[in-house]
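K.L.:
okay, here's the prediction I keep looking at, along with the sequence it came from:
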Amino acid sequence: MCLAIPMQVVALEGGSDEVLDPPVALVESDGVRKAIRLEMADRMPTVGEYVIIHAGFAIRTLTVEEAEYNLELMRRMAAMLDQDGGAPGAVR
Amino acid sequence: MTQVISIQPVTRIEGHARIDIHLDDAGRVADARLHIAALRGFEQFVVGRPAEEIPRIVSRICGICPWMHHLAAAKAIDNCFAATPPPAGHLLRELCQVLAHVHDKILHFFFLAAPDFLLGAAGDYAARTIMGLARREPELAAEVVRMRQLGQTMLERFAGKAIHPVAAVVGGFAKPMSEAELRDLQAGGQALLDFACRALDYAREKVFARFEDDDLALGTIATGFLGTVDGQGNLRFYDGVLRLMRPDGATSEFAAADYARHLAERVEPWSTAKMVYARAWNEGFSLDPEAPRGVYRVNTLARLNVCDRIATPRAQAELEAFRARFGRPAQGTLLAHWARLIELVYACERVLELLADARIIDPVVRTPAEPRAGRGVGHVEAPRGTLIHDYTTDDDGCITRANLIVGTTHNIAPMNLSVRRAAAGLVAEGEIDAELLNRIEMAVRAYDP
């Protein structure tokens, strides 16, 4: 089952035309910046807010408060797995 | 020496997927495997928690399809507590579900799948995205974005924010729908249905007309199928019995609560992800591409294969045409896209059907439920396939055991077969280029993992 890890928006680009120059959010993961398309998001994020990404598209925008609550749930889930000797979402 | 070629990440599918293609000394495909990072730990995490919290927690963690998990969990906890929601409770839940299906199908088809066919597998990735589509078909692209927003607005109007659904509660739904909301939703539902029909006409002419024999053969395998039908064999998303179809078309049916007698779960040594196979066929499990055993598929194509008919007229006409052309069961992996648009039409027709049911505005939307010890299985048909939640509670109504099977879990085995088949058919003498890798990815993308 797929984990919806919220990613924090570090910058916004584009947006001069809804179709031809759609807005893009830059998110940072492991020090690498990725451009995430926003056409499918429920609303535009502001810098500092979080997005949930599916297949390269942001599908939902989360406030900082919502995202932190979700991340805390996931951290607690991961901690529980560590006790069992497993790692969440490990790919071999 | 053998060589391993990895495609990572698979660009337009779930970000944590990887395909490894193993070549032998002669450069032929010796093996190909799809690895998907699966969420583990949710089942342990919820043990000890009050059951009524689960529908709200799961939608935060499984945020790709929060509504599907929210509803499957709510249905399971209803069963733990022996609570039967009133008719309006079920109708409002199903309305949320079909609207979420509409949103998902528009995203998948127009943003992820269509560019492959409209713009060709050879184009570079950036050009093959919706941007490429927008340049060629600006009016369509703008309408796609508008309709996706309309579906979302409709859902939020009566169910609150779609980000973390809380509207389904144990025993029913959080609040009744007003007549004013109903009238608004009816207008929106008609607009969605009109768009869905235009989208299918467009796709038939511009996308599916380009399906050639080699497209239909891409990643194609002969497997069984699993989906949900009602007592008359009609396609259902929200409730009904599970129907398992063998590769030859023979079917058997079972209640979701009995899933463990008909399906078996296992973990292969090379993968961390759980796989599921058809225990009921008594043939064990094998991913041998020449003679797979126990392998079935879920998702759009599976649902259209297992149902006898669709109870709404436009979708039924489309199903008949589809079946006349491709037979039953249709095995072509890429036909999942066509099936997805037929399901989009069904979902929009079902929105109108639900809104036309006078019981949907009944003020009684919830039956009181008392925590108690019990076991409950809840299932729905999610965009990615049959979703099963299974919980056991103690006397205080806290979770003592949980097991989930999500759509992609059923499909990991057949996706591996499809990748192997696609790679073996495309890779010759170790020659691999970007177009070929994208074509292998297309076989995975059809499953919408």
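P.N.:
Ah, there it is. Numbers count the residues shown, from 1 in each chain, chains lettered A, B, ... in the order given.
K.L.:
surely residue B:17 and residue B:445 touch.
P.N.:
No. The pair residue B:17 / residue B:445 is not scored as a contact, 10.0 Å apart, by Cβ atoms under 8 Å. C-beta here means a position set from N, CA and C on the backbone, and glycine is covered the same way.
K.L.:
looking at chain B, which residue is nearest chain A?
P.N.:
residue B:63 (2.8 Å; Cβ to the nearest Cβ).
K.L.:
which bits of the stretch 301-449 of chain B sit near chain A?
P.N.:
Within the stretch 301-449 of chain B, the positions adjacent to chain A are B:404, B:406, B:408-409, B:449 by Cβ under 8 Å from any Cβ of the partner chain.
K.L.:
restricted to strands, list those residues.
P.N.:
Judged by DSSP state E, the subset of those located in strands is residue B:404.
K.L.:
tell me who's in contact with residue B:367.
P.N.:
Counting by Cβ atoms under 8 Å, 6 or more residues apart in numbering or on different chains, residue B:367 touches B:83-86, B:89, B:171-172.
K.L.:
give me phi/psi at it?
P.N.:
Per-residue torsions, residue B:367: phi -100, psi 130 (degrees, to the nearest 10).
K.L.:
in TSV: the residues of the stretch 301-449 of chain B next to chain A, plus neighbour count and distance to residue B:422.
P.N.:
Formatted as TSV, those follow (neighbours: other Cβ atoms under 10 Å in any protein chain shown; distance: Cβ to Cβ, whole Å):
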residue	neighbour count	distance to residue B:422
B:404	22	29
B:406	27	23
B:408	26	18
B:409	24	21
B:449	23	15
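K.L.:
for residue B:207, state which of the residues of the stretch 301-449 of chain B next to chain A is nearest.
P.N.:
Checking those against residue B:207 with Cβ to Cβ, the nearest one is residue B:449 at 20.6 Å.
K.L.:
in what helix or strand does the closest residue to residue B:190 other than its chain neighbours lie?
P.N.:
Once flanking residues are discounted, residue B:190 sits nearest to residue B:352: 6.7 Å by Cβ to Cβ, 6 or more residues apart in numbering or on different chains. Assigned by DSSP states H and E, residue B:352 belongs to helix B:335-356.
K.L.:
quick one, the next helix or strand after that helix and helix B:335-356 angle?
P.N.:
Once the chain leaves helix B:335-356, the next helix or strand it forms, by DSSP H and E, is strand B:374-382. Using axes from the mean of the first three to the mean of the last three Cα atoms, to 10 degrees, one finds that strand B:374-382 and helix B:335-356 are set 110 degrees apart in direction.
K.L.:
please name the strands paired to strand B:374-382 in the sheet, noting orientation.
P.N.:
According to DSSP bridges, strand B:374-382 forms sheet pairs with strand B:385-393 (antiparallel).
K.L.:
mind listing the strands for the stretch 151-300 of chain B?
P.N.:
Secondary structure of the stretch 151-300 of chain B by DSSP state E, counting those that start in this stretch: the strands cover B:168-169, B:172-173, B:224-229, B:241-245, B:251-254, B:263-267, B:274-278, B:296-297.
K.L.:
include mean pLDDT when you put the ones you listed into CSV, please.
P.N.:
Below are those laid out as CSV (pLDDT from 0 to 100):
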stretch, mean pLDDT
strand B:168-169, 92
strand B:172-173, 96
strand B:224-229, 98
strand B:241-245, 98
strand B:251-254, 98
strand B:263-267, 93
strand B:274-278, 93
strand B:296-297, 97
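K.L.:
in CSV, list these along with distance to residue B:100 and mean neighbour count.
P.N.:
Shown next, in CSV, are these (distance: least, Cβ to Cβ, whole Å; neighbours: other Cβ atoms under 10 Å in any protein chain shown):
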stretch, distance to residue B:100, mean neighbour count
strand B:168-169, 12, 26
strand B:172-173, 15, 24
strand B:224-229, 16, 26
strand B:241-245, 21, 21
strand B:251-254, 26, 15
strand B:263-267, 25, 15
strand B:274-278, 23, 22
strand B:296-297, 22, 27
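K.L.:
quickly note the distance from the closest residue to chain B within chain A to residue B:205.
P.N.:
Nearest to chain B, among the residues of chain A, is residue A:4, at 2.8 Å (Cβ to the nearest Cβ). From residue A:4 over to residue B:205 the distance is 35 Å, taken as Cβ to Cβ, to the nearest Å.
K.L.:
CA atoms only: put the helix holding residue B:352 into CSV for me.
P.N.:
The C-alpha trace of helix B:335-356 is given here as CSV (Å, rounded to 0.1, in the frame of the first residue of the first chain):
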residue,chain,number,x,y,z
LEU,B,335,-7.3,-2.3,-22.3
ALA,B,336,-7.3,-1.2,-18.7
HIS,B,337,-7.3,2.4,-20.0
TRP,B,338,-10.4,1.8,-22.1
ALA,B,339,-12.1,0.1,-19.2
ARG,B,340,-11.1,3.1,-17.0
LEU,B,341,-13.1,5.5,-19.2
ILE,B,342,-16.1,3.2,-19.3
GLU,B,343,-16.0,3.2,-15.5
LEU,B,344,-15.7,7.0,-15.6
VAL,B,345,-19.1,7.1,-17.5
TYR,B,346,-20.5,4.6,-15.0
ALA,B,347,-19.3,6.7,-12.0
CYS,B,348,-20.9,9.8,-13.4
GLU,B,349,-24.2,8.0,-14.2
ARG,B,350,-24.1,6.6,-10.7
VAL,B,351,-23.7,10.1,-9.2
LEU,B,352,-27.0,11.1,-10.8
GLU,B,353,-28.7,7.8,-9.9
LEU,B,354,-27.7,8.3,-6.2
LEU,B,355,-28.9,11.9,-6.2
ALA,B,356,-32.3,10.8,-7.8
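K.L.:
okay, residue A:4 and residue B:205: which has more neighbours?
P.N.:
residue A:4 (23 against 10; other Cβ atoms under 10 Å in any protein chain shown).
K.L.:
part of a helix, is the more buried one?
P.N.:
No. Looking at residue A:4 with DSSP: H, G, I helix; E, B strand; the rest coil, it is coil, so not inside a helix.
K.L.:
residue contacts, it?
P.N.:
Residues near residue A:4 by Cβ under 8 Å, 6+ apart: A:52, A:54, A:70, B:61-64, B:66.
K.L.:
restricted to helices, list the residues you listed.
P.N.:
A:70, B:61, B:66 (DSSP state H).
K.L.:
burial of the second one, as a residue count?
P.N.:
Burial of residue B:61 is recorded as 22 neighbouring residues (other Cβ under 10 Å).
K.L.:
so which bits of stretch B:366-377 are buried?
P.N.:
Neighbour-count burial for stretch B:366-377 flags B:366, B:369, B:371, B:374, B:376-377 (criterion: 16 or more other Cβ atoms under 10 Å in any protein chain shown).
K.L.:
got the end-to-end distance for that stretch?
P.N.:
Start-to-end span of stretch B:366-377 (Cα to Cα, to the nearest Å) is 19 Å.
K.L.:
mean confidence for that stretch?
P.N.:
Here stretch B:366-377 scores 96 as its mean pLDDT.
K.L.:
show me how far it is from its chain's centre.
P.N.:
Relative to the chain's own centre, stretch B:366-377 is displaced by 27 Å; criterion: Cα atoms, centre = their mean, to the nearest Å.
K.L.:
who touches residue B:391 in this structure?
P.N.:
When contacts are counted by Cβ under 8 Å, 6+ apart, residue B:391 touches B:46, B:51, B:54, B:73, B:76-77, B:80, B:375-376, B:399, B:401-402.
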